[in-house]
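**Q** sequence and predicted structure below; questions after.
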Amino acid sequence: MQLDWWTLALQTINFLVLVWLLHRFLYKPVLSIVDARGAEIDAQYSEARKVEAQARAELSEIESERADIASERAAALKSAAEEAEAASSARRAKAEDDANALLEQTRKTLAGERQVAISETRRSAFDLAVAMAQKLLDEFPPELRADAWLSRVEQHLQNLTSEQRTEIAGQLDGGGTLHIASAVALPESAATKWRERLNQIFNVELRVVFSVDPSLIAGVELHLPHAVLRFSWRSVMDAMQAEIDAHENTG
């Protein structure tokens, strides 16, 4: 078996450029947006704490009024002191209830806004990534892309242990079907090449069925009877999304 090293090199450079572009113009801006939104949320929390401090100041003032009333002569102002005590307790309870209600409402509002911001950022990021990927792919003919991805699949399969390849071959040799999903339809010549070279790797006569899945953006997926081998840009973007989600959870 011989590899088209120029094709592989061009595709490798193309892939590295894409990863760099995504990291430069997608991943970092997304983190900046999330960090900016986090700073805004922290500011809102700070404002909520100021409101809480004001409420506590009012409570302190009420306690001061209680102390002044209690310091007056008990005998002469007993009735007035009891009334003031009752009014003070009511005001304190109301102030505490108002402060707690305000804080709880603020927390719910900020949590909802944060979730909306994250969802909108995620959608925008994926839309941008898909647009960039499609623009890059349109510059290469389907045959060239098919050869590049076939080389990548071959390299992965050859790096497997002999036991792993034997296990996969056993699934396919017993009447199992190898379903190959690609982002774009493979030309008949490319499909024939895929069948021949996969037969050589597994040393069995494979039953191969090709299908098209545009959601892969680029690349292929090999659906075995009991496993799926993914070689698509969608899997790379899913990994990046998981990294962003992890960053959000730890932040």
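**A** Alright, I've got the coordinates. Residues are numbered from 1 along each chain as shown.

**Q** against Ala146, how distant is Trp194?
**A** Distance check for Trp194 against Ala146: by Cβ to Cβ, to the nearest Å, it reads 7 Å. To be clear about C-beta, it is placed using only N, CA and C from the backbone, and glycine gets the same treatment.

**Q** joint contacts of the two?
**A** Counting by Cβ atoms under 8 Å, 6 or more residues apart in numbering, the common neighbours of Trp194 and Ala146 are Leu186.

**Q** neighbours around Arg230, how many?
**A** When neighbours are defined as other Cβ atoms under 10 Å, Arg230 has 15 of them.

**Q** in three-state terms, label it for me.
**A** Assigned with DSSP: H, G, I helix; E, B strand; the rest coil, Arg230 falls in the strand class.

**Q** what's opposite it in the beta bridge?
**A** When assigned by DSSP bridges, Arg230 has beta-bridge partners Glu221.

**Q** wait, it touches Ala218, no?
**A** No. Arg230 sits out of contact with Ala218 when judged by Cβ atoms under 8 Å, with a separation of 12.0 Å.

**Q** show me what contacts the residue lying closest to Ala55 once chain neighbours are set aside?
**A** Excluding its sequence neighbours, the residue lying closest to Ala55 (Cβ to Cβ, 6 or more residues apart in numbering) is Ala99, at 3.7 Å. With contact set as Cβ under 8 Å, 6+ apart, Ala99 has these partners: Val51, Glu52, Ala55, Arg56.

**Q** write the PyMOL selection for whichever of those are buried.
**A** Burial among the contacts of Ala99 is assessed by 16 or more other Cβ atoms under 10 Å; the matching PyMOL selection reads:
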select buried, resi 55
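
**Q** now, the contacts of Ala99 that are in helices?
**A** If you go by DSSP state H, the contacts of Ala99 have Val51, Glu52, Ala55, Arg56 in helices.

**Q** just the closest of those residues to Thr161, please.
**A** Nearest to Thr161 among those: Glu52, at 61.9 Å, using Cβ to Cβ.

**Q** residues in contact with the closest one?
**A** Neighbouring residues of Glu52 by Cβ under 8 Å, 6+ apart: Ala99, Leu102, Leu103.

**Q** could you check how far the last one is from Glu113?
**A** In this case it means Leu103. 16 Å.

**Q** can you check the second one too?
**A** Distance of Leu102 to Glu113, given as Cβ to Cβ: 16 Å.

**Q** same check on the first one?
**A** Plainly put, Ala99 is 21 Å away from Glu113 if you go by Cβ to Cβ.

**Q** and if you look at Leu21?
**A** Look at Leu21 and Glu113: by Cβ to Cβ, they are 30 Å apart.

**Q** mind listing the helices for the stretch 51-200 of the chain?
**A** Taking DSSP state H, counting those that start in this stretch as the test, the helices found in the stretch 51-200 of the chain are 78-137, 142-159, 162-173, 188-202.

**Q** any idea of the mean pLDDT in the first one?
**A** Per-residue pLDDT values over helix 78-137 give a mean of 73.

**Q** wait, doesn't Leu8 sit right on Ala148?
**A** Yes. With contact defined as Cβ under 8 Å, Leu8 reaches Ala148; the gap is 6.5 Å.
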